[in-house]
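Dropping the sequence and predicted coords here.
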Amino acid sequence: MKTPRKINLAVTPTPLEVIKYQNKKFLMKRDDLTGCELSGNKVRKLEYLIADALKNKADIIFTCGGEQSNHARATTIAARKFGIPVKLFLWGSDRKISGGNLFLNRMYGAEILYLNKNEYEKVNDIMQYQREKLLRKNLNAFVIPEGGSTATGVFGYFSFILELMKQIDLQKVKGIVTASGTGGTSAGMLAAVSYLNIDLQIVAINVLYSKEVITKKILMLAEAINLEYDLNTKIKAENLIVLDGYSKEGYKKISKDKIKLIRNFASETGILFDPAYTGKAFKAYYENYISEDLGMKYIFVHTGGIFGIFGRAKEYLI
Ligand SMILES: Cc1ncc(COP(=O)(O)O)c(C=O)c1O
């Protein structure tokens with residue numbers, strides 16, 4: 001097996017905690033604690049992606065996402081740490097006063113191009129076109145696709161399983177539950193359990209794409225790691241479970257019942273979930289595992305997203 005180059009950005013190992021909620025216990029892996037400004041699941045991917053950008057002598061990094069994208073914010077901060085400028089291609093519109101991740105992107109000096117929904121559907125072509133324009137001026141733009149989900153980035157969640165194995169005997173666990181946006185986080189884990197031949201379910205809560213689309217994306221990304229890094233393994237597609245129906249309100253919205261759960265959970269445990277990913281995934285985890293007394297068999301991964309909350313402050317306070 002080959003391993004990609006890495007730089008250190010994340011505070012690891014993140015804690016694996018036993019949380020008590022409503023008199024039930026469950027396991028939570030605190031990937032929200034990979035850092036402070038640079039926090040959440042994206043940091044593990046960026047350890048490999050920024051290493052690649054440095055190797056490629058990037059003059060600038062391009063990436064994309066929703067206007068409250070945690071990935072875009074984490075990329076901006078990580079790139080700035082290494083003195084690399086950033087251009088973001090965001091689905092949304094310019095605002096005089098921007099909150100949350102968008103505020104941080106502006107504060108750290110990212111150049112931002114706002115795209116409407118139709119334009120955003122062609123974001124990869126747009127980034128490619130702009131990259132070619134810069135190439136003519138001898139400038140090298142390193143393009144990171146949505147969510148940092150390339151074979152290289154996703155390797156961060158392959159390594160995550162190796163870290164987790166040192167914290168708990170994975171033979172005693174049945175599954176790992178996580179929010180799934182671009183699918184990279186789940187794909188890295190699936191590639192690792194396939195390679196290590198561990199019979200662990202990788203449970204993905206799709207918040208952005210349909211069940212069919214996210215299933216394909218996760219399997220394709222897991223296969224991409226398999227090929228790129230010579231795992232020579234068979235990806236255990238049967239170990240992938242997609243729990244559908246927890247983002248019916250849409251990626252950019254959150255239903256009142258979920259906000260109620262987030263608030264209740266925060267006031268009982270002190271742990272906060274974000275509106276786009278972890279709040280929705282936790283609702284799924286709560287209904288399917290905690291309620292069924294399976295919380296000590298299925299690990300919930302808190303993937304971060306703290307700054308997304310500030311764009312929704314009014315709703316959180318209802
Ligand atoms: C807080 C948070 N959780 C989960 C995810 C999902 O990760 P992935 O895109 O790797 O599926 C993301 C990003 O997309 C995120 O920002």
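Structure received.

list the helices and strands the lengthiest helix in the chain packs on?
Of all the segments of type helix in the chain, defined by DSSP state H, the longest one is helix 211-228. Packing contacts for helix 211-228, counted by 3 or more CB pairs under 8 Å, 6 or more residues apart in numbering; DSSP states H and E, involve helix 151-165, helix 184-196, strand 201-206, strand 240-243. Glycine gets a C-beta too; all of them are placed from N, C-alpha and C.

Measure how the second one sits relative to helix 211-228, angle-wise.
Counting by axes from the mean of the first three to the mean of the last three CA atoms, to 10 degrees, helix 184-196 lies at 50 degrees to helix 211-228.

same question for helix 184-196, mean pLDDT?
Across helix 184-196, pLDDT averages out at 98.

To residue 231, which of the helices and strands packed on helix 211-228 lies closest?
Across the helices and strands packed on helix 211-228, the minimum distance to residue 231, taken as CB to CB, is reached by helix 184-196, at 4.8 Å.

ok so, going back, residues contacting the longest helix of the chain, please?
With contact meaning CB atoms under 8 Å, 6 or more residues apart in numbering, helix 211-228 is reached by 2, 149-152, 154-155, 158, 180, 182-184, 186-188, 190-191, 194-195, 202, 204, 206, 208-209, 231-233, 235, 237, 240, 242, 244.

List the buried residues for that helix?
Residues of helix 211-228 classed as buried: 214, 215, 217, 218, 219, 221, 222, 223, 224, 225, 226 (neighbour count, 16 or more other CB atoms under 10 Å).

What is the neighbour count of the residue nearest to residue 177 when sequence neighbours are not counted?
Spatial nearest neighbour of residue 177, excluding adjacent residues (CB to CB, 6 or more residues apart in numbering): residue 203 at 4.3 Å. Residue 203: 27 surrounding residues under other CB atoms under 10 Å.

One more: the one 5 residues further on?
Neighbours of residue 208 under the rule other CB under 10 Å: 21.

who in the stretch 101-250 of the chain is up against the ligand?
Proximity of the stretch 101-250 of the chain to the ligand, by CB under 6 Å from any ligand atom, involves residues 147, 149, 179, 180, 181, 182, 183, 184, 185.

Find the pair from those with maximum spatial separation.
Spatially, the most separated pair among these is 149 and 179, at 13.4 Å (CB to CB).

And this protein, what are its domain boundaries?
Per automatic domain parsing, the structural domains of the chain span 16-41+150-316, 43-148.

Tell me, how many residues neighbour residue 312?
Residue 312 has 20 neighbours, counted by other CB under 10 Å.

which residues touch it?
Residue 312 sits next to 254, 275 when contact means CB under 8 Å, 6+ apart.

Residue ranges in the stretch 51-200 of the chain under the pLDDT threshold?
Within the stretch 51-200 of the chain, no stretch has pLDDT under 70.

Let's see that with 90 instead.
Scanning the stretch 51-200 of the chain with the threshold set as pLDDT under 90 gives 93-99.

that older thread, going through the contacts of helix 211-228, which ones are buried?
Buried by 16+ other CB under 10 Å: 149-152, 154-155, 158, 180, 182-184, 186-188, 190-191, 194-195, 202, 204, 206, 208-209, 231, 233, 235, 240, 242, out of the contacts of helix 211-228.

Tell me the secondary structure at the residue lying closest to residue 89 once chain neighbours are set aside.
Computed as CB to CB, 6+ apart, the closest residue to residue 89 that is not its neighbour in sequence is residue 64, at 4.1 Å. Secondary structure, DSSP: H, G, I helix; E, B strand; the rest coil: residue 64 is strand.

Now do residue 64 against residue 277, distance only.
17 Å (CB to CB, to the nearest Å).

contacting residues for the closest residue to residue 218 other than its chain neighbours?
What sits nearest to residue 218 in space, not counting adjacent residues and going by CB to CB, 6+ apart, is residue 183, at 4.1 Å. With contact set as CB under 8 Å, 6+ apart, residue 183 has these partners: 147, 149, 204, 209, 214, 217, 218, 221.
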